[in-house]
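>>> below are the sequence and a predicted model; questions follow.
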Protein chains: 2
Amino acid sequence: MQFGIIGSGSWATALAKILTDGKHCIAWWVRNADTVQHIRQRHHNPHYLSSAYFDNTLLNMYNDVKQVVAESDVIVIAVPSAYVHDALQALPADAFAGKKVVSAVKGILPGSNQLLHEYLAEKFQLDIHHYFTVLGPCHAEEVAAEKLSYLTFSGLDENAAAEIAAYFHTDYINTVVNHDVVGAQYAAVLKNIYALGAGIAHGLEYGDNFLSVYIANAANEMNRFLQRSIEHYPVGVEREAINYTASVYLGDLLVTCYSLYSRNRMFGNMIGKGYSVKAATLELNMVAEGYNASKCVFHTNQQFAVAMPVAATIYEILWEHLPAAEGFAKIEAALV
Amino acid sequence: MQFGIIGSGSWATALAKILTDGKHCIAWWVRNADTVQHIRQRHHNPHYLSSAYFDNTLLNMYNDVKQVVAESDVIVIAVPSAYVHDALQALPADAFAGKKVVSAVKGILPGSNQLLHEYLAEKFQLDIHHYFTVLGPCHAEEVAAEKLSYLTFSGLDENAAAEIAAYFHTDYINTVVNHDVVGAQYAAVLKNIYALGAGIAHGLEYGDNFLSVYIANAANEMNRFLQRSIEHYPVGVEREAINYTASVYLGDLLVTCYSLYSRNRMFGNMIGKGYSVKAATLELNMVAEGYNASKCVFHTNQQFAVAMPVAATIYEILWEHLPAAEGFAKIEAALV
């Protein structure tokens, strides 16, 4: 299998490192021609995960996305959800015909409120059976440091998912396979909302006892949402077979909520301390993923109708001017 | 209801603070006469949680356990599991007749391998319907600082549990009630084993990605054990009604595993760094609860026969000289 990677942020760079550390050649789309040149000459991505060293004999670098897709059997999409449309727009409608797509996108596409497989089905007629996700608790920095991490490959075609996963297995990457390709994507969205909320709680000076109760209840709320998501699958999935304490669900929630360096948590902390969303965005020079995710999930849940006292309240704090302390007083009352 | 508290460690002191902050009079057994004198005169426990202030008009202090039990309708037992037998041995066999007992003991009684309700049934003919537990993610230090915390009161008689819980509700304590009085006790034992293991992982230089996968899988293993424990109840309990993501289960696991100051984690860290159990014990001047707990659970699981790759391997590391790195190589392979 020939792999192509679309994206050059820290997570794309980590995935490129994993595949090439396994001695697999990759085609790699990096938008910026200077960055391509730098990686070719200096063996490092100058902007992200710059400590990762690349064996250039294994890299085919392009700044033309069409070429990467054309050369690859499996295309790994690893750009932020807000840039997916932009990154793929140069591709013809049949670009993914006969190919497999692996999504490393952790988010819902803003505007259309779609998961990536929905977008790809609409734009490129990609069959969900040829669509996979690579997700899990995996700070890119720890991949760079080669600390053991677990990646979960999800796909309705579990055999194909396992075949893809095998390419990512290295000394420091263990792989897991499951079939819950929709639920895994929603888990990656929800965890950012709850991590942002954990930051708000910290900003409001709640302690560790409370945080643990909050996260445990968030896990419960997430499980309810994920179970409901199964009913919205285009094809049947066995609900009983899904283990929501596995790394791709609970593990990823934990690492995101407990990481002091997560941008969601930092952003939430400022909201908890009384900053407006606008002021926090200016101060941190970014919008945390959980901010948009809370709106996407709020809208998706108009359809799912799951009881989500935590996520719904975080949405109200971020989007409807509910004071953070009042919001958390509501959350407090809902926790068990 | 007149409450009596047996014990004067940090958790007993926290519970005394909670009840007296709610303006409830308590009878309090403190073994050491000098400590009794100090609390009476200076309003603080000199040895534990010394920042907590007591209104002495609400305290009836004794160093005779018989008197505390005789004066109380509800007796809260808050001594380490290893000292329960010693603390209660002066009591006559009918001491708890017509009374309710609330256990704040987080452990299995070593030697007999009993949960506290089993011991009290054997020694004092206490009916399990008069037995309750108070557990949950609650560092005593955060109670002293009046940071919002959640306590779960478990009892087969849920109405009585709710009645008891009401006495503990304060500005900084929210209460939850459930009926899984056996499972809640086992959860409080298991979390210490997993937290000790988290310390070992840290000592072995695993990172945050791995830790989250480890803890998520520990939660899964814990759930399996707790579900099995229901079959060993003296009376029927509805398994479906138990929410294992609630604070008393997952919440307590999280706060214990993620706390950098937990004694289990510190102890485990030394084991991971290559100290023997004996050397770690000498260095820290204590044995972590997870050490004995791992043995108790190992023996209990001879009967339960639950698949516990994590807890069983931690037992082997601690009690059967399995090198920590070899043990974690086994654990790695079992995680999903």
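Received the coordinates, thanks. These figures come from a predicted structure and were not determined experimentally.
>>> pull the CA atoms of stretch A:141-150 into PDB?
Extracted in PDB, the C-alpha atoms of stretch A:141-150 (Å, rounded to 0.1, in the frame of the first residue of the first chain):
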ATOM      1  CA  GLU A 141       4.800  15.700  21.200                       C
ATOM      2  CA  GLU A 142       4.900  12.300  22.800                       C
ATOM      3  CA  VAL A 143       5.100  10.700  19.300                       C
ATOM      4  CA  ALA A 144       8.100  12.900  18.600                       C
ATOM      5  CA  ALA A 145       9.600  11.700  21.900                       C
ATOM      6  CA  GLU A 146       8.800   8.100  20.900                       C
ATOM      7  CA  LYS A 147       6.800   7.500  24.100                       C
ATOM      8  CA  LEU A 148       4.500   4.500  23.800                       C
ATOM      9  CA  SER A 149       1.100   5.500  22.400                       C
ATOM     10  CA  TYR A 150      -2.000   3.700  21.200                       C
END
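>>> any chance you could list what contacts it?
Residues outside stretch A:141-150 that contact it (Cβ atoms under 8 Å, 6 or more residues apart in numbering or on different chains) are A:10, A:14, A:17-18, A:49, A:51-52, A:136-139, A:171-176, A:247, A:251, B:205-210, B:213, B:332, B:335-336. (C-beta placed from N, C-alpha, C; glycine too.)
>>> need the residues that contact stretch A:280-295.
A:80-82, A:106-108, A:110, A:189-190, A:192-197, A:263-264, A:266-268, A:270-271, A:275, A:277, A:311, A:314-315, A:318-319.
>>> in the stretch 151-300 of chain A, which spans are strands?
With DSSP state E, counting those that start in this stretch as the criterion, the stretch 151-300 of chain A has strands at A:173-178.
>>> which helix or strand in chain A has the lowest average pLDDT?
The weakest-scoring helix or strand in chain A, judged by mean pLDDT, DSSP states H and E, is helix A:277-284 (a mean of 91).
>>> buried stuff in it?
Across helix A:277-284, burial judged by 16 or more other Cβ atoms under 10 Å in any protein chain shown covers A:277, A:280-281.
>>> in PDB, list the C-alpha atoms belonging to that helix.
The C-alpha trace of helix A:277-284 is given here as PDB (Å, rounded to 0.1, in the frame of the first residue of the first chain):
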ATOM      1  CA  VAL A 277     -14.600  34.500  24.200                       C
ATOM      2  CA  LYS A 278     -13.300  37.400  22.100                       C
ATOM      3  CA  ALA A 279     -10.700  38.400  24.700                       C
ATOM      4  CA  ALA A 280      -9.600  34.800  25.200                       C
ATOM      5  CA  THR A 281      -9.300  34.400  21.400                       C
ATOM      6  CA  LEU A 282      -7.200  37.500  21.100                       C
ATOM      7  CA  GLU A 283      -5.000  36.700  24.100                       C
ATOM      8  CA  LEU A 284      -4.300  33.100  23.000                       C
END
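>>> before we move on, back to that, for the buried residues of helix A:277-284, which one is nearest chain B?
A:A280 (23.9 Å; Cβ to the nearest Cβ).
>>> once you drop chain neighbours, what's closest to the closest one?
Nearest non-adjacent residue to A:A280, counting by Cβ to Cβ, 6 or more residues apart in numbering or on different chains: A:M270, 4.0 Å away.
>>> what is the neighbour count of A:C296?
23 (other Cβ atoms under 10 Å in any protein chain shown).
>>> restricted to helices, list the contacts of stretch A:141-150.
Among those, DSSP state H puts A:10, A:14, A:17-18, B:208-210, B:213, B:332 in helices.
>>> neighbour-wise, which one of those leads?
In the ones in helices among the contacts of stretch A:141-150, the most neighbours by other Cβ under 10 Å go to B:V213, 33 neighbours.
>>> surely it meets A:S247?
Yes. The pair B:V213 / A:S247 is scored as a contact, 4.2 Å apart, by Cβ atoms under 8 Å.
>>> so what sits against both of the two?
Counting by Cβ under 8 Å, 6+ apart, the contacts common to B:V213 and A:S247 are A:136-137, A:150, B:335.
>>> B:L91 versus the residue nearest to A:G197 when sequence neighbours are not counted, what's the distance?
When the adjacent residues along the chain are set aside, A:G197 lies closest to A:I314, with 4.6 Å between them (Cβ to Cβ, 6+ apart). According to Cβ to Cβ, to the nearest Å, A:I314 and B:L91 sit 51 Å apart.
>>> comparing those two, which shows the higher neighbour count?
Between A:I314 and B:L91, counted using other Cβ under 10 Å, the more crowded position is A:I314 (31 against 18).
>>> stretch A:244-251 and chain B in contact?
Yes. Using Cβ under 8 Å from any Cβ of the partner chain, stretch A:244-251 comes into contact with chain B via A:245-247, A:249-251.
>>> for stretch A:219-238, that is, sorry about that
Yes. Shown here: stretch A:219-238 in contact with chain B (Cβ under 8 Å from any Cβ) through A:219-220, A:223.
>>> again, but for stretch A:11-19
No. Stretch A:11-19 does not reach chain B (Cβ under 8 Å from any Cβ); its nearest approach is 11.0 Å.
>>> mind checking how far that stretch is from the chain centre?
Distance of stretch A:11-19 from the chain centroid (Cα atoms, centre = their mean, to the nearest Å) equals 14 Å.
>>> please name the residues that touch A:W29.
Contacts of A:W29 (Cβ under 8 Å, 6+ apart): A:4-8, A:62-65, A:67-68, A:87.
>>> would you list those residues in TSV and tack on pLDDT and distance to B:G155?
Below are these laid out as TSV (pLDDT from 0 to 100; distance: Cβ to Cβ, whole Å):
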residue	pLDDT	distance to B:G155
A:G4	98	59
A:I5	98	56
A:I6	98	57
A:G7	96	54
A:S8	93	58
A:Y62	94	66
A:N63	91	66
A:D64	94	68
A:V65	96	62
A:Q67	96	68
A:V68	97	62
A:A87	95	57
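>>> what kind of secondary structure is whatever residue of the stretch 51-200 of chain A ends up closest to chain B in?
Residue of the stretch 51-200 of chain A nearest chain B, by Cβ to the nearest Cβ: A:K147 (3.5 Å). With DSSP: H, G, I helix; E, B strand; the rest coil as the basis, A:K147 sits in coil.
>>> tell me, how many residues neighbour it?
18.
>>> repeat for the one 10 residues further on
Burial of A:D157 is recorded as 18 neighbouring residues (other Cβ under 10 Å).
>>> correct me, but it touches A:D127?
No. If you go by Cβ under 8 Å, A:D157 and A:D127 don't touch, sitting 9.8 Å apart.
>>> tabulate the buried residues of helix A:277-284 (JSON lines), appending distance to B:V287.
Putting those into JSON lines (distance: Cβ to Cβ, whole Å) gives the following:
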{"residue": "A:V277", "distance to B:V287": "49"}
{"residue": "A:A280", "distance to B:V287": "46"}
{"residue": "A:T281", "distance to B:V287": "50"}
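>>> and these, which is closest to B:T57?
A:A280 (47.8 Å; Cβ to Cβ).
>>> just the endpoints, please. Distance across stretch A:29-47?
Stretch A:29-47 has an end-to-end distance of 15 Å (criterion: Cα to Cα, to the nearest Å).
>>> next one: stretch A:254-272
20 Å.
>>> buried residues in it, which are they?
So stretch A:254-272, judged by 16+ other Cβ under 10 Å, has buried residues A:254-259, A:262-272.
>>> again, but for stretch A:126-141
So stretch A:126-141, judged by 16+ other Cβ under 10 Å, has buried residues A:126, A:128, A:130-141.
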